[in-house]
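1. A structural model of the following input is requested.
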Amino acid sequence: MSQTPIINVLLIDDDVQIHRLVRFMLRKIPVQLTCAYSFEQAQKAFPSNNPSANVVLLDYRLGDETSLDLIAPLHAANPDAPVILLTAHDTPDLIVNAMRSGAFDFLSKPIKEHILIQTISRAIEHYHLIETVKDPDHISAATHTNARYEGILGRSEQMQKLFHMISKVAPTDVAVLIHGESGTGKELIAHAIHNRSHRVPNPMIALNTAALPATLIESMLFGHEKGAFTGADRMRTGACEDADTGTLFLDEVTEMPLELQPKILRFAQEHKFNRLGSTVVHTADVRLISATNRHPLEEVLNHRFREDLYYRLSVIPIEVPPLRNRDGDIPLIAMHALYDYSEKYGKSFNEISSAALAAIEHYRWPGNVRELLNTIERVVVLNDATTLELDMLPHDILHPMEQPSVKSESNNSESLQSIKEHTDTFPSPTTPALPYNPDHAKKPEDIVPIAELERRAIEHAIQLCQGSPGKAAKHLEISEATIYRKIKSYGLRNPDQLS
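-> Alright, predicted model coming up:
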């Protein structure tokens, strides 16, 4: 039985007391600590031709010199090793410069044991993640999960549960309603269900009802006879008939006009339909899979979608999580896309720098997987390099707080935790809970974006901690690096002014 490889932690600090302290603090986790007093000594311990340092702890000051310029050569020796900066100079500008230089995270001195262990653990997870995304088909020995399922990438717990549900649902003929935000891959999931079913030798016909004029949807679904309307110069079959013995995928089904929904209900119940302009009843053996980017129950409650049709189409409802809530999937998809587009366009990209990967992971991806793929493709097309660097990324990703808030769920679990614990300490908006009740809801303009709630929570925490971001971070249960990044993002440039 193979053993889990030991993680090597390289500490570069010119203070022997820090060496002793870190060694004592890390005694509880399975790592091999190597200490160096200078960069030159570290190079001897981990030469570039044998890059075995998995995580690096780097002191900001080595003698009279600062060490930000050492991050690049450390990454050159071991591109996958996260670099954690140790410093007593906890200013926002330093943290931003450290992150731009490629630092993975930041620890303030005096070092606290639980924060050191948490940060090292995150760095180790980050290292293993990068190693995994280099081989998307890799099956983790620890989790026994496959990162690819019918062309869909996902190693997160959320996606593994979704893959399991698909495997259970696919062999049956029950109707499935897939709902999730735009760009989450709902059509891919529909194809996965069809491909795992007994209908796979037969066609899967997809029809996007939101992309068609209301006057054409019925004809596209059920077909029409010659002369049924102006321009109908011959008989045409519709999607229901074309999908006979196969699968019919109705994308954006909640956009379907109300007057057409009874006919879809009839087809879903009896598999019977009439071509437009005909009284002849036709039948088709079709499995129905539907999708929507809206919350279907809200559409029912707002009388935009028939309740009986909803229950007929959603015998098995499948909710696709947004990309920002899929822990660990963002770098997996980004790296896989980098390889694919590099090959497609004849480029030499083969890795993503730590700084760029951190920015990609921290961005909220309102357009989900589609936006991430488009971003990687754009970078590959516009640049010639082997490594995707931070400055190659679009402005929106490098400066996310300058963009409007678009979602109500955070990409960062730390942000959610801080909001949950501190919303009672500042005025909170009255927002309707799902299912939506139009009789009690305020106007949409009364809704406060989640980013504003987070800004208020951080600002209030700093006030209660007498202007100390470090203390505020501890009570919010986020790292100091995170709170300084957010202070910078929200324009809270002088925390002392908040007290």
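2. tell me how many other residues surround residue 295.
-> 16 (other C-beta atoms under 10 Å). All C-beta atoms are positioned from the backbone trio N, CA, C, and that covers glycine.
3. strands of the stretch 201-350 of the chain, residue ranges please.
-> Using DSSP state E, counting those that start in this stretch, the strands of the stretch 201-350 of the chain run over 204-208, 247-251, 272-274, 281-283, 287-292, 316-319.
4. mean neighbour count, mean pLDDT and distance to residue 338 added to these, as TSV?
-> Shown next, in TSV, are the strands of the stretch 201-350 of the chain (neighbours: other C-beta atoms under 10 Å; pLDDT from 0 to 100; distance: least, C-beta to C-beta, whole Å):
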stretch	mean neighbour count	mean pLDDT	distance to residue 338
strand 204-208	18	94	28
strand 247-251	25	96	28
strand 272-274	18	93	46
strand 281-283	14	94	48
strand 287-292	26	97	28
strand 316-319	17	95	29
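5. can you lay out these as CSV showing distance to residue 19?
-> Shown next, in CSV, are these (distance: least, C-beta to C-beta, whole Å):
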stretch, distance to residue 19
strand 204-208, 61
strand 247-251, 59
strand 272-274, 77
strand 281-283, 78
strand 287-292, 57
strand 316-319, 49
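6. nearest to residue 36, of those strands?
-> Relative to residue 36, the nearest member of the strands of the stretch 201-350 of the chain by C-beta to C-beta is strand 316-319, separated by 49.3 Å.
7. now do the closest one: which elements does it pack against?
-> helix 157-169, strand 176-179 (3 or more C-beta pairs under 8 Å, 6 or more residues apart in numbering; DSSP states H and E).
8. after the last one comes which helix or strand?
-> So the one you mean is strand 176-179. helix 186-195 (DSSP states H and E).
9. just want the angle from that following helix to strand 204-208.
-> If you take axes from the mean of the first three to the mean of the last three C-alpha atoms, to 10 degrees, helix 186-195 sits at 160 degrees to strand 204-208.
10. out of the helices and strands packed on strand 316-319, indicate the one that is most buried.
-> strand 176-179 (a mean of 24; mean count of other C-beta atoms under 10 Å).
11. and the residue nearest to residue 234 when sequence neighbours are not counted, how far is that from residue 282?
-> Leaving aside its sequence neighbours, residue 234 sits nearest to residue 226 (C-beta to C-beta, 6 or more residues apart in numbering; 5.2 Å). From residue 226 over to residue 282 the distance is 16 Å, taken as C-beta to C-beta, to the nearest Å.
12. likewise for residue 335?
-> Distance from residue 335 to residue 282, by C-beta to C-beta: 49 Å.
13. where does this structure have low pLDDT?
-> Residue ranges of the chain with pLDDT under 70: 1-5, 45-52, 90, 130, 132-146, 400-448, 481, 489, 493-499.
14. domains of it?
-> For the chain, automatic domain parsing gives the domain ranges 7-133, 157-319, 325-402, 413-498.
15. ok, the residue nearest to residue 234 - contacts?
-> Listed by C-beta atoms under 8 Å, 6 or more residues apart in numbering, the contact partners of residue 226 are 232, 233, 234, 235, 277.
16. I'd like these as JSON lines, with neighbour count and distance to residue 8 appended.
-> Listed next are the contacts of residue 226 as JSON lines, based on neighbours: other C-beta atoms under 10 Å; distance: C-beta to C-beta, whole Å:
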{"residue": "232", "neighbour count": "15", "distance to residue 8": "73"}
{"residue": "233", "neighbour count": "8", "distance to residue 8": "74"}
{"residue": "234", "neighbour count": "8", "distance to residue 8": "72"}
{"residue": "235", "neighbour count": "14", "distance to residue 8": "72"}
{"residue": "277", "neighbour count": "15", "distance to residue 8": "74"}
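17. now, among those, which is nearest to residue 268?
-> residue 277 (22.2 Å).
18. contacting residues for that closest one?
-> Here residue 277 is in contact with 224, 225, 226, 227, 228, 229, 232 (C-beta under 8 Å, 6+ apart).
19. by neighbours, which of those residues wins?
-> residue 224 (23 neighbours).
20. residues touching it, list them.
-> Applying C-beta under 8 Å, 6+ apart, we find residue 224 in contact with 232, 235, 236, 238, 275, 276, 277, 278.
21. ok, it to residue 41 distance?
-> Residue 224 is 80 Å from residue 41, by C-beta to C-beta.
22. next one: residue 284
-> 75 Å.
23. report how many residues lie close to the closest residue to residue 356 other than its chain neighbours.
-> Nearest residue to residue 356 in three dimensions, chain neighbours excluded: residue 390, at 4.5 Å (C-beta to C-beta, 6+ apart). Per other C-beta under 10 Å, the neighbour tally for residue 390 reads 20.
24. give me phi/psi at residue 390?
-> Backbone torsions of residue 390, given as degrees, to the nearest 10, read phi -60, psi -40.
25. contacts only, for it.
-> 100, 102, 353, 355, 356, 359, 398.
26. could you work out the most separated pair of the residues you listed?
-> Of all pairs in the contacts of residue 390, the most separated under C-beta to C-beta is 102 and 398 at 14.0 Å.
27. who has more neighbours, those two?
-> For residue 102 versus residue 398, neighbours defined as other C-beta under 10 Å are more numerous around residue 102 (22 against 15).
28. surely the more buried one and residue 83 touch.
-> Yes: with contact defined as C-beta atoms under 8 Å, residue 102 reaches residue 83; the gap is 6.5 Å.
29. mind listing the shared neighbours of the two?
-> Joint contacts of residue 102 and residue 83 (C-beta under 8 Å, 6+ apart) are 71, 75, 354.
30. name the nearest residue to residue 341, ignoring sequence neighbours.
-> residue 380 (4.2 Å).
31. tell me which residues form a beta bridge with the nearest residue to residue 280 once chain neighbours are set aside?
-> Leaving out its chain neighbours, the residue that sits closest to residue 280 by C-beta to C-beta, 6+ apart is residue 274, at 6.7 Å. Residue 274 has these beta-bridge partners by DSSP bridges: residue 281.
32. what about residue 274, distance to residue 250?
-> Counting by C-beta to C-beta - residue 274 and residue 250 are separated by 18 Å.
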